[in-house]
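A.B. asks: Sequence first, predicted model second:
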Amino acid sequence: MSSTPIIMWFRRDLRLSDHAALKAACDSGRAVIPVVIRDASVDDLGAAPKWRWGLGVEHLAQSLKDKGSRLIFRSGDALEVLQKLIEETGAGAVYWSRLYDPQAVDRDSKIKAALKEQDIDARSYGGHLMFEPWTTETKTGGFYKVYTPFWRSVKDRDVDAPLPTPGSFATPATWPDGEDLGTWSLGKAMNRGADVVRPYVRLGESAAQSRLGAFMASKVASYNEGRDIPGEDRTSNLSENLALGEISPHQCWHAGVRALNEGKSGAEIFLKELVWREFAYHLMHHTPRILDQNWKEDWDSFPWNEDAREAQVWAWKKGRTGIRFVDAAMRELYVTGRMHNRGRMIVASYLCKHLMTHWRIGQQWFEDCLIDWDPASNAMGWQWSAGSGPDATPYFRVFNPVTQLDKFDKNRDYVSRWIAEGRSNKAAEALSFFDAIPRHWGMSPDDDYPDPIVPADEGRKRALSAYENRDF
C-alpha cells in the first residue's frame, strides 16, 4: 500500500496551491493520479455554473500538464468510477477536499465507507472553508443562528497559513484512459450566451491571485464605502473563484489581515464578508433545510406567489420590470454571469416583497444564471432578503429600489451601462444583453422602456399589509 498510486479526486477545489489533499498526496512520494468525475452533482448544475465548472477543470488540466502530470476525465456514478480506476491502476488511496452540501456529504460518506471496506485509504481534507462548520459552537454548545456573535467567536481564531504548491508530481508508470472533456458538452445550455459571458470570466488560479493582489493594492482601503457602488469596480470580484476553489479562503483571509495591519481599514469589512460565507456554510451544516425550505418555519404559511411562469415573474427574469435598478442588475447577471451585491439585495427584495413571490423562484433562477453560484451563500442570501432566514432583514424593511438608485447610483453610471432602451447612446454592455438572451424572448434595444409593473411605493404598501396581517 505504501507504494501504490493515490487517486486525487478534484471537485470544487480547482487549484494547486493551498490544497491540503493534493499536497498530502504529493508529499507521500507515491504516484498521484488526478481525476475529475462528471456525476449527478455535475449534471444537476444550472447552465452557467456547469459551463463555468467545465472551463475551470479544463484550465486545471493545463496547469497539471505544465507540472508534468495530467487530469483524467471520467463520467458516471462517483463510487463506481473510483472503484474502476482503482482496479485499473492498483491505487491504494483516494484523497479529496470536503464539500458540505447534504448531497455531497451523503455521497462522500458512502464512498468513504465503501472504499474502506475494500482496504482502500479514503481521506477527505479541509480547504473549501477556513473553519469546519462543526468546530464553532456557542457557549452552551449549540450552533450560531445570528451572524454577529458568530463573527466575534471566530475573528481571533488562528486561520491556517496557506500551503505551497507541491514541488513535484510523481506520475504512474501507465496512465489510465480518460474521456474527452469536449464530449461532455457542459456549456450546451448556455447556448449563445456563453460567447457573451466568456470575456467577463477570470479563469483559474493565477487570475484569482491577480484579482486578490489588485484588490489589496488599490481597493481594499476604501472597501467599506466602495462596495455599495455598483457603477464602479470597487469590490474584489473573487466570488467566482472562491466558488470553484480557484483560490482558497485562507489565502484571502491572510491577505486581508496583512492589509488591515498596514492600516487599510476597509480590510476588516472584507474579512467580515469572508466570515459571512463561513456563516452560510455553518448554517447549511446544522440546518440543511435552509437550501430548500423556509429557515424560519413559521413562514411556511405566508401567501407568496409560487408560480414561476406568472407574468410579473417573467418580467423580473427578463429585466423588464420598469424599475431601473432591478432591470440593470438582472441584465448584468445575463451578460457577466455575476451581479453586484447591492444589486442582489435589490432584485431579491423586489421579487419577494414588491412582487410577493417566493424566494425559491429567485434562488433557482440564480442557480441557473450565476457563474459564482454557491449553494450555501445563494440560499442564505435569498432567505435573508425574503425575511424567512437567519439574520434576516426585518419584514418591515422593504428596500425602495428608486431611492436606493438615487443613493448608490447618483450619476446613473450603473443603469446607463446595462439598460439600452430609451437611450440614443447605447452602451456596449447594454447591447450585449440582447446577444445573450434567448431569441424567443423577442426583445430589442429599440423597444420602449416599460412602465413599472409594480411601482416602488405601491409594492411596499402591499408588502407591509401582507406582513402585518400574516398568520404567524
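C.D. replies: On my side now, so go ahead.
A.B. asks: now the helices for the stretch 101-250 of the chain?
C.D. replies: Here the stretch 101-250 of the chain has its helices, by DSSP state H, counting those that start in this stretch, at 102-117, 147-154, 193-197, 204-218, 223-226, 239-243, 249-261.
A.B. asks: Let's have those in JSON lines, adding distance to residue 444 and mean pLDDT.
C.D. replies: To be clear about C-beta, it is placed using only N, CA and C from the backbone, and glycine gets the same treatment. Listed next are those as JSON lines, based on distance: least, CB to CB, whole Å; pLDDT from 0 to 100:
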{"stretch": "helix 102-117", "distance to residue 444": "41", "mean pLDDT": "98"}
{"stretch": "helix 147-154", "distance to residue 444": "44", "mean pLDDT": "96"}
{"stretch": "helix 193-197", "distance to residue 444": "16", "mean pLDDT": "97"}
{"stretch": "helix 204-218", "distance to residue 444": "34", "mean pLDDT": "98"}
{"stretch": "helix 223-226", "distance to residue 444": "34", "mean pLDDT": "95"}
{"stretch": "helix 239-243", "distance to residue 444": "30", "mean pLDDT": "98"}
{"stretch": "helix 249-261", "distance to residue 444": "41", "mean pLDDT": "98"}
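A.B. asks: Just tell me which of those ends up closest to residue 296.
C.D. replies: Of all the helices of the stretch 101-250 of the chain, it is helix 147-154 that lies closest to residue 296, at 15.2 Å by CB to CB.
A.B. asks: For residue 423, which of the helices of the stretch 101-250 of the chain is the nearest?
C.D. replies: helix 193-197 (19.4 Å).
A.B. asks: Residue 107 and residue 81 touch, don't they?
C.D. replies: No: Residue 107 is not in contact with residue 81 according to CB atoms under 8 Å; the separation is 11.9 Å.
A.B. asks: returning to that earlier point: which of the helices of the stretch 101-250 of the chain sits most buried?
C.D. replies: helix 239-243 (a mean of 23; mean count of other CB atoms under 10 Å).
A.B. asks: contacts for that helix?
C.D. replies: 12, 49, 52, 201-202, 207-208, 211, 246-247, 249, 252, 277, 337-338, 371-374, 377 (CB atoms under 8 Å, 6 or more residues apart in numbering).
A.B. asks: For that helix, what is the distance to the chain centroid?
C.D. replies: 6 Å (CA atoms, centre = their mean, to the nearest Å).
A.B. asks: Same list (the helices of the stretch 101-250 of the chain) but as CSV, adding distance to residue 77.
C.D. replies: Converted to CSV, the helices of the stretch 101-250 of the chain look like this (distance: least, CB to CB, whole Å):
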stretch, distance to residue 77
helix 102-117, 9
helix 147-154, 36
helix 193-197, 28
helix 204-218, 28
helix 223-226, 44
helix 239-243, 24
helix 249-261, 30
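A.B. asks: what's the closest of these to residue 8?
C.D. replies: helix 102-117 (14.1 Å).
A.B. asks: tell me what that closest one is packed against?
C.D. replies: helix 40-43, helix 78-89, strand 93-97, strand 121-125 (3 or more CB pairs under 8 Å, 6 or more residues apart in numbering; DSSP states H and E).
A.B. asks: out of these, deepest packed?
C.D. replies: Taking mean count of other CB under 10 Å, strand 93-97 is the most buried of those, at a mean of 23.
A.B. asks: what's the angle between it and strand 121-125?
C.D. replies: Angular relation of strand 93-97 and strand 121-125 on a 0 to 180 degree scale: 10 degrees, by axes from the mean of the first three to the mean of the last three CA atoms, to 10 degrees.
A.B. asks: For the stretch 251-400 of the chain, give me the ranges with low pLDDT.
C.D. replies: Low-confidence segments of the stretch 251-400 of the chain, defined by pLDDT under 70: 392-396.
A.B. asks: at 50 instead, please
C.D. replies: By pLDDT under 50, the stretch 251-400 of the chain has no low-scoring segment.
A.B. asks: From residue 289, how far out is residue 228?
C.D. replies: From residue 228 across to residue 289, the span is 31 Å (CB to CB, to the nearest Å).
A.B. asks: who's more crowded, those two?
C.D. replies: Each of residue 228 and residue 289 has its neighbours counted (other CB atoms under 10 Å); residue 228 has more, 18 against 13.
A.B. asks: That one contacts residue 404, doesn't it?
C.D. replies: No: Residue 228 is not in contact with residue 404 according to CB under 8 Å; the separation is 9.5 Å.
A.B. asks: Common neighbours of the two, please.
C.D. replies: With CB under 8 Å, 6+ apart as the test, residue 228 and residue 404 both reach residue 342.
A.B. asks: in the chain, which spans are strands?
C.D. replies: With strands called from DSSP state E, the chain shows them at 6-10, 32-38, 72-75, 93-97, 121-125.
A.B. asks: how about these, which one is nearest residue 367?
C.D. replies: So among the strands of the chain, strand 32-38 is nearest, using CB to CB, at 18.3 Å.
A.B. asks: any idea how far that closest one is from the chain center?
C.D. replies: 22 Å.
A.B. asks: Let me know the distance separating the residue lying closest to residue 343 once chain neighbours are set aside from residue 256.
C.D. replies: Distance criterion CB to CB, 6 or more residues apart in numbering; nearest residue to residue 343, sequence neighbours excluded, is residue 329 at 3.1 Å. From residue 329 across to residue 256, the span is 26 Å (CB to CB).
A.B. asks: Just the buried ones out of the contacts of helix 239-243, please.
C.D. replies: For the contacts of helix 239-243, a burial check counting by 16 or more other CB atoms under 10 Å picks out 12, 49, 52, 201, 207-208, 211, 246-247, 249, 252, 277, 337-338, 371-374, 377.
A.B. asks: which ones are touching the closest residue to residue 3 other than its chain neighbours?
C.D. replies: Leaving aside its chain neighbours, residue 3 sits nearest to residue 30 (6.3 Å; criterion: CB to CB, 6+ apart). Contacts for residue 30 were tallied using CB under 8 Å, 6+ apart; they are 2-6, 93, 170.
A.B. asks: With residue 246 instead?
C.D. replies: 14-15, 56, 203-205, 207-208, 240.
A.B. asks: Check residue 249 too.
C.D. replies: Per CB under 8 Å, 6+ apart, neighbours of residue 249: 128-130, 242, 274, 277-278.
A.B. asks: Derive a ChimeraX selection command for the buried subset of these.
C.D. replies: The buried residues among the contacts of residue 249 can be selected in ChimeraX (16+ other CB under 10 Å) with this line:
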select :128,129,130,242,274,277,278
